[in-house]
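Q: Sharing a model that was predicted from the sequence below.
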Amino acid sequence: MLDPKFIELNNELVKEKLSSRGMKFDLEGFNKLVSNRKEIIKEVEQLESEKNKGSKQIGKLKREGNTGELDALMEELKVISEKVKNLNEKRSDAESELNQFLLQIPNIPNDSVPLGSDENDNVEVRKWGEPKDFEFEIKDHVELGEKHDILDLKRATKIAGSRFALYKGLGARLERALINFMLDVHTMDHGYTEVLPPFVANKDSFTGTGNLPKFEEDLFKLKDTEYYLVPTAEVPVTNIHRDEILSFEDLPVKYVAYTPCFRKEAGSYGKDVHGIMRQHQFNKVELVKFSKPEDSYSELEALTNDASRILELLELPYRVVALCSGDLGFSSAKTYDLEVWVPSERRYREISSCSNFGSFQARRANIRYKPFKEPKPSLLHTLNGSGVAVGRAVIAIIENYQQEDGSIEIPRVLIPYMNGVKTIS
RNA sequence: GGAGAGAUGGCCGAGUGGUCGAAGGCGCUCGAUUGCUAAUCGAGUAAGGGGCUAACCCCCCUUCGAGGGUUCGAAUCCCUCUCUCUCCGCCA
């Protein structure tokens, strides 16, 4: 959520920035809502002040035993009280209208974000590793997965439906090995604190991170409850500190969490129907940071590096892409995508998305910190990124590490996590 | 699932219709003092919103788990909900 005061003071900038991400900002509507709210507040507060004074007066008169003017005063206050009641209803209407308006508005892109309208305008920042030249006919992860009986998509469909996976044997172990490997690297080398959060969260949490109210159709809601399955660990982990005030000394706070992620993938019909690229349920190791505002962009660079290091250790070719304004996620001020090389598609595919949300989520979720030597708490900045998506890492490993005989080598760093298994054959 | 108790400021905790935004304590900040990481004394110490302002000061409103109600007036009375704790039952 944007700061209404900031919008008031910078409405041209806001308009321009939002249009860079393809959104038309209704300035007139906004101004109307704001001034409407202020007017009502002024009026109601004046009446309340009158009411309070009168009530105090009554208390005083009663104590003094002076009952002469009581009835008249009480009658008068009754009228005021009625007015206040009515106005307060108007006030809460005005405030929730403004709130609803603000909740629909995406974050403002940072100045460093390249301008553009869609993913074709994203900018490649750097590349690591070389896509391998295979001297034989390669197979995709589905074919290889079935061949070695490590991936059983047919039976997954029987159990649940399409877009679900059943890992078996060394496939299941590979998934688990990756999770443990990633958690170890981020906790031991990168200084993150491991958390294991609930896999469901409530409405307040989803509103805090910006998934609600706008994106309810992407979520699995549990029937007859207020719970939703988490689409990413970002939701429960960012909400760890909702409605809290942290000390500047504690910042940055860095968490890493493994969770499964549940997404309806509404609107992606026909996209990535083959294999496990796009699932209703997938595993992910997520990095989340709470940072001082002045540090958040350097923290974003660091976070992106922490995520890329996983790919480097796995020796998977990847590139880093800066999302353009038009492709930016709703809550994000700046995003880098990490894209891993997928041989069967002969292109890079997203495996991690690292974002700085500025104070956008912090305002919604009311996460603040006490700055050094300043009495008033202020909003901190939140960041997160996948470190990395486990299912897609499995695809990348299976395909990039395939051998001519159809066997799959295990990346060196994973062998200890695979109990010494070096090849799937 | 059954029975009971509770939720107050950063923390602990008093407060059952008006002088309560809230005693007292801890913590923290500042000052004084003692020859030395401590003790003692004094002062200060919630958040959000609105107005004024260049900014501060100041003024006003709201907030005692959340939401409603009664009342001129609610931390205090009534209703609903959420959460926590204790006992019993069940259980990975």
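A: Perfect, I can see it now.
Q: what packs against the helix or strand hosting A:K42?
A: Counting by DSSP states H and E, the secondary-structure element that holds A:K42 is helix A:27-64. In terms of contacts (3 or more Cβ pairs under 8 Å, 6 or more residues apart in numbering; DSSP states H and E), helix A:27-64 is packed against helix A:4-9, helix A:11-20, helix A:70-103. In this view, the C-beta of every residue, glycine as well, is placed from N, C-alpha and C.
Q: A:L323 is nearest to which of these?
A: In terms of Cβ to Cβ, the element of those nearest to A:L323 is helix A:11-20, at 12.1 Å.
Q: what does the average pLDDT come to for the helix holding A:K42?
A: Helix A:27-64 comes out with an average pLDDT of 87.
Q: how distant is it from the center of its chain?
A: The chain centroid and the centroid of helix A:27-64 are separated by 38 Å under Cα atoms, centre = their mean, to the nearest Å.
Q: swap in stretch A:240-249?
A: The gap between where stretch A:240-249 is centred and where its chain is centred comes out at 17 Å by Cα atoms, centre = their mean.
Q: same thing with stretch A:292-301?
A: Shown here is stretch A:292-301, whose average C-alpha point lies 16 Å from the average C-alpha point of the whole chain (Cα atoms, centre = their mean).
Q: what's stretch A:411-425 in contact with?
A: Contacting residues not belonging to stretch A:411-425 are listed as A:148, A:150, A:170-171, A:173-174, A:176-178, A:180-181, A:313-316, A:397, A:401, A:405-410 [Cβ atoms under 8 Å, 6 or more residues apart in numbering].
Q: So which of the residues you listed are in strands?
A: When the contacts of stretch A:411-425 are checked against strands (DSSP state E), the matches are A:408-409.
Q: Mind giving me the PyMOL command for buried ones among the contacts of stretch A:411-425?
A: Only the buried entries of the contacts of stretch A:411-425 go into this PyMOL selection, using 16 or more other Cβ atoms under 10 Å:
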select buried, chain A and resi 148+150+170+171+173+174+177+178+181+313+314+316+397+401+408+409+410
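Q: re the thing from before, tell me which of the helices and strands packed on helix A:27-64 approaches RNA strand B most closely.
A: Among those, the nearest to RNA strand B by Cβ to the nearest atom of the strand is helix A:70-103 (3.3 Å).
Q: what helices or strands is the closest one leaning on?
A: For helix A:70-103, the elements it packs on are helix A:27-64, judged by 3+ Cβ pairs under 8 Å, 6+ apart.
Q: The helix holding A:K42 versus helix A:70-103: what angle between them?
A: Between the axes of helix A:27-64 and helix A:70-103, defined by axes from the mean of the first three to the mean of the last three Cα atoms, to 10 degrees, the angle is 150 degrees.
Q: tell me which residues in helix A:27-64 are buried?
A: For helix A:27-64, the neighbour count (16+ other Cβ under 10 Å) marks A:30, A:33-34, A:36-37, A:40, A:44, A:47-48, A:51, A:54 as buried.
Q: would you list every one of the helices in the stretch 201-350 of chain A?
A: Using DSSP state H, counting those that start in this stretch, the helices found in the stretch 201-350 of chain A span residues A:203-209, A:234-238, A:296-313.
Q: Name whatever forms a beta bridge with the residue in the stretch 101-250 of chain A positioned nearest to RNA strand B.
A: Nearest residue of the stretch 101-250 of chain A to RNA strand B, counting by Cβ to the nearest atom of the strand: A:I245, 6.9 Å away. With beta bridges defined as DSSP bridges, A:I245 has these partners: A:R368.
Q: for it, what are its contacts?
A: With Cβ under 8 Å, 6+ apart as the criterion, the residues that contact A:I245 are A:368-370, A:377.
Q: which of the residues you listed lies closest to A:V342?
A: A:Y369 (40.3 Å).
Q: A:L251 is in contact with the closest one, correct?
A: Yes. Taking Cβ atoms under 8 Å as the definition, A:Y369 is a contact partner of A:L251 at 6.0 Å.
Q: can you list residues touching both of the two?
A: When contacts are counted by Cβ under 8 Å, 6+ apart, the set common to A:Y369 and A:L251 consists of A:290, A:292, A:380.
Q: Who are the contact partners of the nearest residue to the first one once chain neighbours are set aside?
A: So the one you mean is A:F290. When the adjacent residues along the chain are set aside, A:F290 lies closest to A:V253, with 4.2 Å between them (Cβ to Cβ, 6 or more residues apart in numbering). Contact criterion Cβ under 8 Å, 6+ apart gives A:193, A:241, A:246, A:289-290 as the residues in contact with A:V253.
Q: Mind telling me the two of those farthest from one another?
A: Using Cβ to Cβ, the pair of the contacts of A:V253 lying farthest apart is A:T193 and A:L246, separated by 13.6 Å.
Q: quick one: secondary structure of the nearest residue to A:K289 once chain neighbours are set aside?
A: Distance criterion Cβ to Cβ, 6+ apart; nearest residue to A:K289, sequence neighbours excluded, is A:L383 at 4.3 Å. Three-state secondary structure (criterion: DSSP: H, G, I helix; E, B strand; the rest coil) places A:L383 in strand.
Q: so what's A:L383 up against?
A: When the contact criterion is Cβ under 8 Å, 6+ apart, the partners of A:L383 are A:288-289, A:291, A:296, A:299-300, A:303, A:354-357.
Q: So what's the residue count around the nearest residue to A:K51 once chain neighbours are set aside?
A: If you skip the residues right next to it in sequence, A:K51 has A:I80 as its closest partner in space, 5.0 Å away by Cβ to Cβ, 6+ apart. Burial of A:I80 is recorded as 15 neighbouring residues (other Cβ atoms under 10 Å).
Q: now swap in A:S247 and tell me
A: A:S247: 11 surrounding residues under other Cβ under 10 Å.
Q: if I pick it, what's in contact with it?
A: If you count contacts by Cβ under 8 Å, 6+ apart, then A:S247 has A:369-370 around it.
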